[in-house]
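**Student:** 3D, please:
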Amino acid sequence: MEIEKISKPKSRKTKISKKFLAWLLGVLALLFVSWTVFSAFSYSVVYLQTGDIYFGRFLPFPFHCIFDAWVMQRDQIGQPYLSKVESMIWQPVFGAIHINPRQVVFRGWLAKNSVVLRAIKTSQPGSFAIPLFTPLPSLNPVPEPTE
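**Tutor:** Residues are numbered from 1 along each chain as shown. Prediction:
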């Protein structure tokens, strides 16, 4: 004699909750993808543990890659300037570099009125170095009293 299992019909609540969960996961995935794409079109700053400061279009997921990359350097007298990564001796293809995510100290988007962003946007095609003029201090130092 065989015993047959009788399965209960799925309730309407279970069907609705599975559809809702699938819809919610789809919306969250869409938000994540759109955030990633948005961050890839905005200019960012990435500061590494080595002390290197990179600027460019940062794609955090899945590659940790910086496109249209610029690196901040200093000249002989200590004035900062931006160098396009394409002009470096190691010349990456398309000016894109992959970075180790464990080496990132911080990263953030550049403000629209940022000195660096203005310098990048106004750079001439084919220019590989842009001097950055540091703002003068707003307060004059107080002279030390002489005796």
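
**Student:** From now on I want contacts and neighbour counts done on CA atoms only, so please keep to that.
**Tutor:** Fine.

**Student:** Okay, now the unreliable bits of this structure?
**Tutor:** Where the chain drops to pLDDT under 70, the residues are 1-15, 34-40, 124-127, 133-145, 147.

**Student:** contacting residues for the residue nearest the centre of it?
**Tutor:** With distances taken as C-alpha atoms, centre = their mean, Phe58 lies nearest the centre of the chain, 3.3 Å away. With contact taken as C-alpha atoms under 8 Å, 6 or more residues apart in numbering, Phe58 is in contact with 39-44, 64-67.

**Student:** Let me know how buried Val71 is, in neighbour terms.
**Tutor:** The tally of other residues near Val71 (other C-alpha atoms under 10 Å) stands at 18.

**Student:** Tell me the secondary structure of the closest residue to it other than its chain neighbours, please.
**Tutor:** Beyond its immediate neighbours in the sequence, the residue positioned closest to Val71 (C-alpha to C-alpha, 6 or more residues apart in numbering) is Tyr54, lying 4.5 Å away. The local conformation at Tyr54, judged by DSSP: H, G, I helix; E, B strand; the rest coil, is strand.

**Student:** Quick one: residues contacting Tyr54.
**Tutor:** 45-47, 69-72.

**Student:** which stretches of the protein form helices?
**Tutor:** 12-41, 115-122 (DSSP state H).

**Student:** Point out the most buried one among the ones you listed.
**Tutor:** Counting by mean count of other C-alpha atoms under 10 Å, helix 115-122 has the highest mean neighbour count of the helices of the chain, with a mean of 15.

**Student:** how far is stretch 104-124 from where the chain is centred?
**Tutor:** 11 Å (C-alpha atoms, centre = their mean, to the nearest Å).

**Student:** now, among the contacts of Phe58, which is nearest to Thr122?
**Tutor:** Using C-alpha to C-alpha, the shortest approach to Thr122 within the contacts of Phe58 belongs to Tyr43, at 13.9 Å.

**Student:** For the closest one, list each beta-bridge partner.
**Tutor:** Arg57 (DSSP bridges).

**Student:** quick one: it and Gly78, what's the gap?
**Tutor:** Separation of Tyr43 from Gly78 (C-alpha to C-alpha, to the nearest Å): 25 Å.

**Student:** quick one, which of the two is more surrounded?
**Tutor:** Ranked by neighbour count (other C-alpha under 10 Å), Tyr43 and Gly78 place Tyr43 first, with 22 against 8.
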